[in-house]
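Asker: sequence first, predicted model second:
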Amino acid sequence: MPLAAKSIARQPSRWAATNSFPQPTALLAWYDRHRRALPWRAGKGERADPYRVWFSEIMLQQTTVRAVAPYYARFLARWGDVHALAAAPLEDVLKAWAGLGYYARARNLHACARVVVERHGGKFPADESALRALPGIGHYTASAIAAIAFDQPTSPVDGNIERVVARLFAVATPLPAVKPELRRLARGLTPQRRAGDFAQAMMDLGATLCTPKNPACALCPWSDSCAAHMRGDAQAFPRRTPKREGALRRGGAFVARRSDGYLLVRTRPAKGLLGGMTEVPTTNWSKDFEDSEARAGAPPVASAKKKKRIIWRRVPGLVRHVFTHFPLELSVYVAEIPPRTPAPPGTRWVAVSELAGEALPSLMRKVVAHALDRKRG
C-alpha cells in the first residue's frame, strides 16, 4: 500500500467513505491541458535541459516566478551552459544577480557550476544523492532536478506542494514540524512514469488553483479526493506555528559623493549576510544602535585640502529593509567630498553613472536612492 494511502487510516472515517484516493492520472491529464508556459520548462515532447532546470530552481528559491523570469533570461543569454558560467568571475555573477536577493544563492550557483565542470565533466549527475553533494543543492532542489531533468520517480516538495498535500489529507500538524510527513505523503502520490511532469503538475496546481487564499476548488482535478475541500475549510491548511520575528536592528549608512561624480563603496566579506556584494560604508547593525554615536563609524575620508573638514549630514527619514531573520532600519548620512580625494583603505570610488553595473543588493540601492533623492530635493 502506498505511504499516502496508509495515511487515510489516520483521517476521520468519513474521509475514506466520501473521497477517492487522489489519482496521478487525473492530475497529469489536467497538467497536459493547463500547464504553464515557463521560459525554463521544456515543451511537450521535449527533453528537459538539466542546466536550465538547475539554474531556474536555484533562482526560484524563496523568489516568485515573475521576479525570476527577467534574471533568468539575462543569465542564460550571458552564460548559456555550465562551462560558460564556471569560467565567469564571481564578481560578474554577483553583479548580474544584484536585486534578486538571498545572495548566497549566487555564490553557490557559481561554485556549483565549477564543481560540475571539474568533477563531472560538465554534466549534472542524475542521482539524487550525488546532486545533494553539490554546492547550494539541498533536499528539495536535488529532488526537483532528478525528477524534472531525469524523470526519476522522486518527489520534490516546495511550499506549493506542501499546501496541496496538507489539504488533500487535511493534515492537522502545523508547519514546520510536519514537513517530513508531507514529504512521505507526496512520495506516496508520485507515479513511476512521468515523474517529472507530475512534479511540475503539483507545482502548477499549487501556484494556480490550490493557492494560499481563495483556492479554486471547483476547478481542481483532485477536488473529489481532497479531505480539506470536503470539510469546507481548505484555506485553513497548511497550519503553521507562528514565527518569531527577530529583534529590530539599526545602524548608520554613509553616502560619500565626490563632486566629480563618484560614490564611495566597498565589498562585503565573502561569507555571511550579503557576502561579496557591494555596499556603501555602514556601522555595525545592532539592537542598541544610537544615532548620536553614528558619525564615529563614518569612513575616514581625508580631504585633499587638509584644512577642509568632512561634514556628515543626516538625511531625514529611515531606510527600512526586512531580512529573513530580522528587520533593519538604517539612518543615512551624506557628505560632499572634493574631487580627487583618495579612497580610505578597503573602499573604492565608483562613478555614479556606473552604479547600475555594481553588485548592489536591494538594501543598498534603497540607501543610495534615499540619499541622492533627498539631496536633489
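Answerer: Nice, thanks for sending it over.

Asker: now do the same contact list for the closest residue to Arg183 other than its chain neighbours.
Answerer: Leaving aside its sequence neighbours, Arg183 sits nearest to Val157 (Cβ to Cβ, 6 or more residues apart in numbering; 5.0 Å). Every C-beta, even on glycine, is put in place using the N, C-alpha and C of the backbone. With contact taken as Cβ atoms under 8 Å, 6 or more residues apart in numbering, Val157 is in contact with Tyr140, Ser143, Val165, Lys179, Leu182, Arg183, Ala186.

Asker: with Arg35 instead?
Answerer: Each residue near Arg35 by Cβ under 8 Å, 6+ apart is listed here: Arg41, Gln200, Ala201, Asp204.

Asker: one more pass at 10 Å, please.
Answerer: Leu28, Arg41, Gly43, Lys44, Asp197, Gln200, Ala201, Asp204, Thr208 (Cβ atoms under 10 Å, 6 or more residues apart in numbering).

Asker: and what of Trp349?
Answerer: Contacts for Trp349 were tallied using Cβ under 10 Å, 6+ apart; they are 256-258, 260-265, 337, 340-343.

Asker: what of Arg163?
Answerer: The neighbours of Arg163, taking Cβ under 10 Å, 6+ apart as the test, are 175, 182, 205-207, 210-212, 215, 228, 234, 237-238.

Asker: by neighbours, which of the residues you listed wins?
Answerer: Cys210 (29 neighbours; other Cβ atoms under 10 Å).

Asker: thought it was touching Gly159?
Answerer: No: applying Cβ atoms under 10 Å as the test, Cys210 and Gly159 come out as separate, 11.2 Å apart.

Asker: ok so, going back, from the contacts of Trp349, which is closest to Tyr51?
Answerer: Among the contacts of Trp349, Val265 lies closest to Tyr51 (Cβ to Cβ), at 32.6 Å.

Asker: now do the helix or strand where the closest one lies: which elements does it pack against?
Answerer: Assigned by DSSP states H and E, Val265 falls within strand 262-267. With contacts defined as 3 or more Cβ pairs under 10 Å, 6 or more residues apart in numbering; DSSP states H and E, strand 262-267 has these neighbours: strand 249-258, strand 278-279, strand 327-337, strand 348-351, helix 362-376.

Asker: the third one packs against which elements?
Answerer: Using 3+ Cβ pairs under 10 Å, 6+ apart as the contact criterion, the neighbours of strand 327-337 among helices and strands are strand 249-258, strand 262-267, strand 313-314, strand 319-322, helix 362-376.

Asker: pick the most deeply packed of those.
Answerer: Mean neighbour count, computed with mean count of other Cβ atoms under 10 Å, is highest for strand 249-258 among the helices and strands packed on strand 327-337, reaching a mean of 22.

Asker: quick one on the thing from earlier: for Val115, which of the helices and strands packed on strand 327-337 is the nearest?
Answerer: Nearest to Val115, of all the helices and strands packed on strand 327-337, is strand 262-267, at 23.7 Å by Cβ to Cβ.

Asker: related to what we said a few turns ago, same list (the helices and strands packed on strand 262-267) but as TSV, adding mean pLDDT and distance to Val115.
Answerer: Formatted as TSV, those follow (pLDDT from 0 to 100; distance: least, Cβ to Cβ, whole Å):
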stretch	mean pLDDT	distance to Val115
strand 249-258	95	34
strand 278-279	94	26
strand 327-337	94	33
strand 348-351	94	31
helix 362-376	84	28
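
Asker: which of these sits closest to Gly317?
Answerer: Nearest to Gly317, of the helices and strands packed on strand 262-267 and by Cβ to Cβ, is helix 362-376 at 6.9 Å.

Asker: might you report the residue contacts of Gln200?
Answerer: 28, 31, 35-36, 38, 41-42, 48, 144, 147-148, 156, 194.

Asker: which strand or helix spans it?
Answerer: helix 195-208.

Asker: cool, Val117 as well?
Answerer: Judged by DSSP H and E, Val117 forms part of helix 104-120.

Asker: ok, Glu293 to Leu189 distance?
Answerer: In this view, Glu293 and Leu189 are 58 Å apart by Cβ to Cβ, to the nearest Å.

Asker: the more surrounded of the two?
Answerer: Between Glu293 and Leu189, counting by other Cβ under 10 Å, Leu189 is the more crowded of the two (24 against 10).
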